[in-house]
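Chemist: this is the structure alone, sequence omitted:
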């Protein structure tokens with residue numbers, strides 16, 4: 001049987017009009033594609049530029065300079081985060097300047113320790129990281145390095161430069177509110193009274209009292225530095241006025257000028273540092289000169305002009321204040337009211353010299369002296385360095401926001 005032959009369709013040749021139309025359509029598509037690509041590139045570039053400006057550029061800006069070393073916003077944020085890990089977001093603002101200061105201090109220690117030949121090896125940092133179970137990030141390593149350098153400076157540099165034996169005095173001290181009380185205490189001690197026992201009765205500064213042990217001049221309470229301690233003979237007593245001494249006692253002179261069942265009492269008051277001073281002021285105090293004497297003598301920082309406290313309800317002031325003020329007749333000035341919940345300045349140190357002379361430094365005293373020398377050295381390094389801080393309020397807020405988001 002003969003095979004059927006295929007019928008071959010003739011090729012259709014496009015007309016010139018069709019070719020022209022196709023070419024136009026191809027050009028239009030090409031233009032559209034190019035325009036779309038340009039548009040998308042523009043959008044991508046705009047988004048990228050915005051992202052760069054918001055999330056990259058600010059953190060590449062230099063915010064701190066310590067001599068030839070610069071710290072970017074990014075490194076500041078990392079340090080800020082590391083130093084405030086255990087803090088609540090509400091506490092971060094108050095740490096922004098402290099962290100910046102710590103970065104400067106750490107860098108000064110690193111730079112100056114290097115000139116003294118004091119360094120920290122990587123294995124020392126690794127050991128601290130393992131001991132404290134910390135992440136081995138660059139930020140943590142930098143913080144640990146600064147900490148170890150400070151320890152080495154204190155022990156191996158400043159501590160080693162101190163002599164083994166130095167002039168010291170073994171003293172007992174107490175701070176009392178007035179010269180009158182100081183004279184009373186001295187008289188009791190000279191009559192055989194026990195100095196330590198009298199502290200419980202008369203001292204008004206529990207932080208610095210009693211037997212201070214052997215101390216060199218540099219570690220004496222500020223008011224006692226010098227001949228006040230080292231001139232008297234052992235067994236002698238001295239009294240030294242210290243206007244800057246802080247003590248946990250004060251005396252109120254109160255006047256109530258009005259009363260109201262809803263508002264409470266309207267009062268004015270003068271806070272004085274001793275019963276002796278309070279008695280002296282009370283002797284010349286009247287309703288007419290109250291404001292004048294309050295301006296001259298009062299130590300209360302929260303009051304208005306002339307000692308005015310405004311309207312008060314129970315609990316606005318101290319318990320000792322309320323006990324008298326809310327039972328006081330209108331326009332009558334109270335007797336001095338003792339209040340141990342306030343702080344006032346000024347007082348008399350009573351010093352008893354037990355022994356003095358050349359004495360061996362114990363570890364505690366040596367460490368304190370080394371720390372004082374270190375602080376003085378660090379202040380000198382700051383003064384001789386070029387330090388620039390570009391952290392303004394906007395940058396601090398940005399750092400706080402970034403740290404807060406990561407928690």
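Modeler: Thanks, I have it. What you see is a predicted model, and the numbers here were worked out from it, not measured in a lab. Residues are numbered from 1 along each chain as shown.
Chemist: quick one: contacts for residue 173?
Modeler: Going by C-beta atoms under 8 Å, 6 or more residues apart in numbering, residue 173 touches 208, 209, 210, 212, 221, 224, 349, 350, 351, 352. Placement of C-beta: from N, CA and C, glycine included.
Chemist: tell me, how many residues neighbour the second one?
Modeler: Just to be clear, that refers to residue 209. Neighbourhood size, residue 209 [other C-beta atoms under 10 Å]: 19.
Chemist: ok, the fourth one next?
Modeler: Residues near residue 212, counting by other C-beta under 10 Å, number 18.
Chemist: mind checking the SS state of it?
Modeler: With DSSP: H, G, I helix; E, B strand; the rest coil as the basis, residue 212 sits in strand.
Chemist: any idea how far the closest residue in space to it that isn't next to it in sequence lies from residue 163?
Modeler: Leaving aside its sequence neighbours, residue 212 sits nearest to residue 171 (C-beta to C-beta, 6 or more residues apart in numbering; 5.5 Å). Separation of residue 171 from residue 163 (C-beta to C-beta, to the nearest Å): 21 Å.
Chemist: these two - which one has more neighbours?
Modeler: Neighbour totals were compared for residue 171 and residue 163, and residue 171 leads with 26 against 10 (other C-beta under 10 Å).
Chemist: identify the bridge partners of that one.
Modeler: When assigned by DSSP bridges, residue 171 has beta-bridge partners residue 213, residue 353.
Chemist: and residue 367, what does it touch?
Modeler: Residues in contact with residue 367 (C-beta under 8 Å, 6+ apart) are 154, 159.
Chemist: now residue 348
Modeler: If a contact means C-beta under 8 Å, 6+ apart, then residue 348 has 175, 176, 177, 178, 179, 181, 182, 239, 240, 241, 242 as its contacts.
Chemist: do you know the pLDDT at it?
Modeler: Looking at residue 348, its pLDDT is 93.
Chemist: before we move on, what about residue 62?
Modeler: At residue 62, the model reports a pLDDT of 94.
Chemist: now swap in residue 311 and tell me
Modeler: Here the pLDDT value assigned to residue 311 is 95.
Chemist: surely it meets residue 265?
Modeler: Yes: between residue 311 and residue 265 there is a contact at 7.2 Å, judged by C-beta atoms under 8 Å.
Chemist: of the two, which one has the most company?
Modeler: Between residue 311 and residue 265, residue 265 has the larger neighbour count (other C-beta under 10 Å), namely 22 against 14.
Chemist: related to what we said a few turns ago, which of the contacts of residue 173 fall in helices?
Modeler: Using DSSP state H, no member of those sits in helices.
Chemist: now list the buried members of those.
Modeler: With burial judged by 16 or more other C-beta atoms under 10 Å, the buried subset of the contacts of residue 173 is 209, 212, 221, 224, 349, 350, 351, 352.
Chemist: of all these, which two lie farthest apart?
Modeler: 221 and 352 (13.7 Å; C-beta to C-beta).
Chemist: the strands in the stretch 151-300 of the chain, which residues?
Modeler: Secondary structure of the stretch 151-300 of the chain (DSSP state E, counting those that start in this stretch): strands located at 165-176, 210-215, 237-247, 250-260, 264-272.
Chemist: so which elements touch the fourth one?
Modeler: Secondary structure elements in contact with strand 250-260, counted by 3 or more C-beta pairs under 8 Å, 6 or more residues apart in numbering; DSSP states H and E, are strand 264-272, helix 275-284, helix 319-325, strand 337-339.
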